[in-house]
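> What follows is a protein structure lacking sequence information:
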């Protein structure tokens, strides 16, 4: 069965820059494979900016998004997440980031869907959420945050660093 055509679907996207100087979110749009999502880059606790002024979170979000945008039909969403993680680690090593120091690591949460004729496939990492709105207007939450248990530790660490 063929995939739904663009006239059968309504794909909308929106991002809004947070408090940081850069928008570390990256939209994932691969119309050819009907793969859509968002990557939410997270800046490390150890300050980092490359020569172009980009934070690690910005770089991570863009790397994850580009991995899904160049995927091929034979790859699974899980394969792409693992590939993106490897590329991200290689980029950190190239940039001289100490990958043995957890506070220096760049990261990105993501949620990505692939539309099939009668179903959707999805993958989630971190705190990006997937919701589904039905024709009748009702909304169903399909995922839950995967990092809620560590958020407070991170916030406490950031607050401690600001007080120094």
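Received, thanks. Keep in mind that what you see is a predicted model, and the values were worked out from it rather than measured. Residues are numbered from 1 along each chain as shown.

> Quick one: list the elements packing against the lengthiest helix in the chain.
For the chain, the helix with the greatest residue count under DSSP state H is helix 77-94. Helix 77-94 sits against helix 56-69, strand 107-115, strand 120-125, with contacts defined as 3 or more CB pairs under 8 Å, 6 or more residues apart in numbering; DSSP states H and E. C-beta here means a position set from N, CA and C on the backbone, and glycine is covered the same way.

> one more time with 7 Å
Applying 3 or more CB pairs under 7 Å, 6 or more residues apart in numbering; DSSP states H and E, we find helix 77-94 packed against helix 56-69, strand 120-125.

> tally of neighbours for residue 107?
Residue 107 is flanked by 19 other residues according to other CB atoms under 10 Å.

> Please list all residues in contact with the nearest residue to residue 55 once chain neighbours are set aside.
The shortest distance from residue 55 to any non-neighbouring residue, by CB to CB, 6 or more residues apart in numbering, is to residue 43 (4.6 Å). With contacts taken as CB atoms under 7 Å, 6 or more residues apart in numbering, residue 43 has the following neighbours: 20, 24, 55, 56, 57.

> phi, psi of the second one?
Right, residue 24. With angles defined as degrees, to the nearest 10, residue 24 shows backbone torsions of phi -90, psi 0.

> per-residue confidence for it?
According to the predicted model, the pLDDT of residue 24 comes to 90.

> Correct me if wrong: it contacts residue 57.
Yes: taking contacts as CB atoms under 7 Å, residue 24 lies within contact range of residue 57: 4.0 Å.

> Give the intersection of the neighbour lists for these two.
41, 43.

> one step back: distance-wise, check the residue nearest to residue 55 relative to residue 118.
40 Å (CB to CB, to the nearest Å).

> ditto for residue 64
Taking CB to CB as the measure, residue 64 and residue 118 are separated by 28 Å.
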